[in-house]
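Undergrad: Okay, sequence plus prediction incoming.
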Amino acid sequence: MSVYGDDPQSAFRAGLCGQVSVGRPRGNGLEEAPSSFGHGPNETAVLGTLRLAGLTDPRAAYETGKALRVIARLFDEAGAPARIGEQFRDNLAAAVLTHHMRRTGRDWAAGDTVAMFMDMYGRIMGTDSSENAKVRETILRLATQRPEEHGRSGLRNLFRPRLKPAV
């Protein structure tokens, strides 16, 4: 059995929760579940997602879970309210299910999730192709790296430092 397991929903949750493989929590084994503290509002919202109907391939499901969490972290870095992450998650659920119902013969994967985010990102931030390419490549790299390659994310490199408001 692969590190992704046989069940797409378990693989999705493992990717979303940052587990190194299905059924094995990340870290030294002392943490039984992802902590409920230290996350922004969007990351907290997507961590509550138990399943994403329409996912059929465990590896693609694992990567989709990772992509969703990376995108939620980006929303948090940008200071977006929780409803933005919730809306993206709901739109993703609808897109995955619709894709599955169309029977295209191709599994939904991280690249599809990233493309969905980039469509929204382009409408909000404009069409600077060099910056959009950097964002797309970073999210896709973080979502598709093998579980044994996990390390600290490179999300902070995507944003210029925000100035703190003067008090």
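TA: Arrived safely, thanks for sending.
Undergrad: ranges for the helices of this protein?
TA: With helices called from DSSP state H, the chain shows them at 8-17, 41-47, 58-77, 82-101, 110-125, 129-144.
Undergrad: Now Ala109: phi and psi?
TA: Dihedral angles phi and psi of Ala109 (degrees, to the nearest 10) take the values phi -140, psi -180.
Undergrad: And for it, the neighbour number?
TA: 21 (other C-beta atoms under 10 Å). To be clear about C-beta, it is placed using only N, CA and C from the backbone, and glycine gets the same treatment.
Undergrad: Same check on Thr104?
TA: Around Thr104 there are 9 residues (other C-beta under 10 Å).
Undergrad: deepest of the helices of the chain, which one?
TA: Among those, helix 58-77 has the highest mean neighbour count (mean count of other C-beta atoms under 10 Å), at a mean of 25.
Undergrad: For that helix, name the packing helices and strands.
TA: Here helix 58-77 touches helix 8-17, helix 41-47, helix 82-101, helix 110-125, helix 129-144, going by 3 or more C-beta pairs under 8 Å, 6 or more residues apart in numbering; DSSP states H and E.
Undergrad: So for the chain, the centremost residue is which one?
TA: The centroid of the chain falls nearest to Leu68 when counting by C-alpha atoms, centre = their mean (1.9 Å).
Undergrad: out of the helices and strands packed on helix 58-77, nearest to Gly54?
TA: helix 82-101 (3.4 Å; C-beta to C-beta).
Undergrad: Taking helix 110-125 as reference, get the angle to that closest one.
TA: Using axes from the mean of the first three to the mean of the last three C-alpha atoms, to 10 degrees, the direction of helix 82-101 lies 140 degrees away from that of helix 110-125.
Undergrad: Mind giving me the packing neighbours of helix 82-101?
TA: Identification of packing neighbours for helix 82-101 by 3+ C-beta pairs under 8 Å, 6+ apart yields helix 41-47, helix 58-77, helix 110-125.
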